[in-house]
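[1] Below: sequence and its predicted model.
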Amino acid sequence: DAAINRIAAGEVVERPASAVKELVENTIDAGSTRIDVAYADGGKTLIRVTDDGCGIPAEDLPLAMSRHATSKIDGSDLLDIHTFGFRGEALPSLGAVGRLTITSRCDGAAASIRVAGGKAEPVRPAALSRGTVVELRDLFFATPARLKFLRTDRAEAQAITDVVKRLAMAEPHIGFTLRDVSGGGEGRVTFRAAPENGDLFDALHARLGGVLGRDFAENAVPLDALREGFRLTGYAALPTYSRGAAVAQFLFVNGRPVRDKLLIGALRGAYADFLSRDRHPAAALFVTCDPKLVDVNVHPAKSEVRFREPGLVRGLIVTTIRHALAEAGH
Ligand code: ADP
Ligand code: MG
């Protein structure tokens, strides 16, 4: 019910950026090739995510808005997850704490549903040629205490940008646009990444150049190593490349952006000989393994993971990066 959804929402949605994360992850799970994210006032008054994915059939719209309804797993094996979503909590949580409108078209006619402060309205016919538009207005209007914890529009917009860039790195074949529509109209494009072609390595290299800048892409060595079921790929910048205190560490586990202490520690270990007060590791690391070897289910926001064999993963990162830097003459 509404109260339970508001409590669950506190776990899933801390700030506008967490809403953006959930909505963009849904678009990726839906097989989208182009994703547009628009926000106003740091996402506090409006977040609108538009995709060209598979859409939601009109008759499933109420289900998508109900708690623990997910079309993605049958619930029997939480350790074997291949999609971003699996809890079925994001949409009901967002509908509990904000004003949510979903318009979508699958095979049949387009339809839309509105939920505000946990109260759903009936499904209505709508006009949309394909995909899904999710519009979230007035986040936390139903939980004013939450509003007080939000930071400035600028800081919240920065957090949104960070989320979108991380997901853009995870999905180089997908095109992303991020727009600030605070002033109305089409708004101002604050980040754009065209869909990259080619194999994943080439696409990733091109995408990293687009997201982190040419300097990073030109100063990075490719990584590719396999050890006992764990694969490490990505790029590590040469120690001569320094972003100073601007930390550029991008970590992904089975395609999910994570902020994991183990992985950050391993990265520092790999660069140990080169670190200084204004020199930090800069890298985009992708660890992939059988989903059974890692638990992504540690926290609802899903940015922490737990490996079955942390020592093995650490060793893989440290030796692979050291080796790659040595090969490059460092
Ligand atoms: P989860 O992602 O964990 O399944 P959500 O609450 O995020 O739960 O979404 C509920 C359901 O709504 C999803 O399982 C999916 O079927 C549907 N859905 C949400 N967003 C989209 C989208 N952009 N495109 C297609 N289907 C979507
Ligand atoms: Mg989801």
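    Perfect, I can see it now. Numbers count the residues shown, from 1 in each chain. Ligands and ions are numbered 1, 2, ... in the order given.

[2] Pick out the residue of this structure closest to ligand 1.
    G85 (2.0 Å; CB to the nearest ligand atom). C-beta here means a position set from N, CA and C on the backbone, and glycine is covered the same way.

[3] Can you name the residues of the stretch 1-150 of the chain that neighbour ligand 2?
    26, 85, 90 (CB under 5 Å from the ion).

[4] burial of the nearest residue to G43 once chain neighbours are set aside, as a residue count?
    Using CB to CB, 6 or more residues apart in numbering and skipping residues adjacent in sequence, the residue nearest G43 is P16, 2.7 Å away. Residues within reach of P16, counting by other CB atoms under 10 Å, total 28.

[5] same question, the one 3 residues further on
    Summarising burial for A19: neighbours were counted as other CB under 10 Å, giving 29.

[6] likewise the one 3 residues further on?
    By other CB under 10 Å, the residues close to E22 number 26.

[7] how close does the residue in the stretch 101-250 of the chain that ligand 2 sits nearest to sit to G184?
    Nearest residue of the stretch 101-250 of the chain to ligand 2 (CB to the ion) works out as V134 at 10.6 Å. Distance of V134 to G184, given as CB to CB, to the nearest Å: 20 Å.

[8] The two: who's more crowded?
    The residue with more neighbours, out of V134 and G184, is V134; 24 against 7, by other CB under 10 Å.

[9] tell me the contacts of the single nearest residue of the stretch 1-150 of the chain relative to ligand 2?
    Residue of the stretch 1-150 of the chain nearest ligand 2, by CB to the ion: G85 (2.9 Å). Each residue near G85 by CB atoms under 8 Å, 6 or more residues apart in numbering is listed here: 22, 25-26, 29, 70, 72.

[10] Near ligand 1, which residues of this structure? Just list them.
    22, 26-27, 30, 51, 53-56, 64, 70-72, 85-91, 132 (CB under 6 Å from any ligand atom).

[11] For T190, state which of the residues of the stretch 1-150 of the chain next to ligand 2 is nearest.
    Taking CB to CB as the measure, T190 sits nearest to N26 out of those, at 21.3 Å.

[12] helices and strands around the strand or helix carrying that closest one, which ones?
    Using DSSP states H and E, the element containing N26 is helix 16-29. For helix 16-29, the packing partners by 3 or more CB pairs under 8 Å, 6 or more residues apart in numbering; DSSP states H and E come out as strand 34-40, strand 46-51, helix 90-97, strand 131-137, helix 153-170.

[13] Can you give the contact residues for that helix?
    12-13, 35, 37, 39, 42-44, 47, 49, 51, 53, 72, 83-85, 90-91, 94, 98, 132, 134, 136, 139, 150, 156, 159-160, 162-164, 167, 171, 174, 301.

[14] now the angle from it to strand 46-51?
    Per axes from the mean of the first three to the mean of the last three CA atoms, to 10 degrees, the angle that helix 16-29 makes with strand 46-51 is 10 degrees.
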